[in-house]
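>>> Build me a model:
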Amino acid sequence: MATFDMETSDPTGPATLFDPPFAVDEPTAQTLPFVFNTGHSGAIYPPSFLAASRLDGLSLRRSEDAYVDRLFAPVVGLGAPMLRANFPRAYLDVNREPYELDPRMFEGRLPSFANTRSMRVAGGLGTVPRVVADGQEIYAGRIAAAEAVSRIESLYKPYHRTLRGLIQRTARSYGYCILIDCHSMPSTSLGRDDAKADVVLGDRYGTACTPELIEAFEEQFQSRGFKVVRNKPYAGGFITEHYGEPNLGRHALQIEMNRALYMNESSLALSAGFPALSDALRDIVAAVAAGCSDLRLPRVAAE
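Below is the predicted model:
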């Protein structure tokens with residue numbers, strides 16, 4: 001397995017705070033039509049960010065999908081690349097539109113094209129978040145609007161260029177691509193009906209991938225004893241919605257794993273369940289991949 005650190009377009013901007021801001025873990029040879037993405041697992045917190053925050057480090061980490069990159073890491077050995085962020089979600093969220101920004105957070109004028117009225121912005125969870133996952137305000141005061149733009153230009157846009165390149169490369173090789181967007185969810189975030197769900201599979205209510213794909217993953221999880229829920233309460237964010245174009249041979253599926261299966265949610269320490277869950281995820285991906293030829297996935301001509 002080779003790891004390639006990705007350069008960014010701005011050598012003087014926020015990207016210099018991370019070493020590197022994101023990376024692609026490449027298999028020795030790509031042998032699966034899959035691309036994996038872990039955009040919320042970053043855990044590098046620059047001193048300048050910590051100084052600007054009113055929260056301690058552990059509170060900021062509540063927004064992380066902690067260790068999800070490590071949880072899914074065995075898929076690289078199966079023959080699929082994985083893109084992973086090193087910058088934290090509390091600093092910049094790549095699973096949003098590029099300019100979902102809350103004007104209440106910033107000093108100065110935001111770009112006129114910024115989306116300031118989305119539901120995610122209203123909830124404080126825009127591209128530059130206002131709150132962490134449990135609703136606590138991140139910043140002690142307002143930050144410069146230019147800072148938000150700089151993060152988007154230096155980190156968000158290069159990240160998505162890299163993800164798009166991996167998808168296009170895979171589609172050229174196989175005629176289609178399956179993007180798996182990997183996440184974890186707090187056990188307390190599930191409603192009463194789903195309180196014991198281990199996995200939530202999100203396909204934007206059937207629009208982001210062919211039905212056969214989500215059915216295949218659901219069957220593999222259930223056959224191993226996992227309780228699976230579809231699209232509730234997580235149907236998939238911007239990445240699943242934006243890159244999922246099944247009619248064009250681009251299939252996107254979000255997988256949310258219950259954190260209680262592999263970690264202590266209070267201390268963020270890994271639990272004894274982590275190795276078995278990681279092995280199970282590897283085996284599930286391998287089983288779905290082995291049956292791809294039977295899924296009748298729409299294909300497109302190589303570009």
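
>>> Quick one: the helices in the stretch 51-200 of the chain, in order.
Remark: helices assigned in the stretch 51-200 of the chain by DSSP state H, counting those that start in this stretch are 57-60, 68-71, 74-78, 119-122, 145-151, 157-174.

>>> of these, which approaches Asp25 most closely?
Among the helices of the stretch 51-200 of the chain, the nearest to Asp25 by C-beta to C-beta is helix 74-78 (4.8 Å). In short, each C-beta sits where N, CA and C put it, glycine included.

>>> For that closest one, list every residue counted as buried.
Pro74, Val75, Val76, Leu78 (16 or more other C-beta atoms under 10 Å).

>>> Same question for stretch 26-45.
26-27, 30, 32-43, 45.

>>> Quickly name whichever of those is closest to Ser187.
Comparing the buried residues of stretch 26-45 against Ser187 with C-beta to C-beta places His40 closest, at 16.6 Å.

>>> Surely the closest one forms part of a helix?
No. Using DSSP: H, G, I helix; E, B strand; the rest coil, the assignment for His40 is coil, not a helix.

>>> My guess is Ala287 contacts Phe221. True?
No. Assessed by C-beta atoms under 8 Å, Ala287 is found out of contact with Phe221, at 10.2 Å.

>>> what do these two both touch?
Here Ala287 and Phe221 have no joint contacts, going by C-beta atoms under 8 Å, 6 or more residues apart in numbering.

>>> Could you check the pLDDT of the spatially most central residue of the chain?
Central residue of the chain (C-alpha atoms, centre = their mean): Gly39, 3.6 Å from the mean position. As predicted, Gly39 sits at a pLDDT of 98.

>>> Phi and psi next, for it.
phi -80, psi -10 (degrees, to the nearest 10).

>>> one step back: now, which of the buried residues of helix 74-78 sits nearest Thr162?
For those, the nearest to Thr162 is Val76 (15.6 Å; C-beta to C-beta).

>>> could you list every residue that touches Trp33?
Trp isn't right for residue 33; it's Pro. When contacts are taken as C-beta under 8 Å, 6+ apart, Pro33 is in contact with Thr170, Ser173, Tyr174, Tyr176, Cys177, Ile178, Ala289, Cys292.

>>> quick one: the strands in the chain?
Assigned by DSSP state E, the chain shows strands spanning 2-5, 22-26, 34-38, 82-85, 106-107, 143-144, 177-185, 199-202, 228-230, 250-258.

>>> Could you tell me the angle between the last one and helix 157-174?
Read it as strand 250-258. Our comparison of strand 250-258 with helix 157-174, counting by axes from the mean of the first three to the mean of the last three C-alpha atoms, to 10 degrees, yields an angle of 120 degrees.

>>> Thanks a lot, catch you later.
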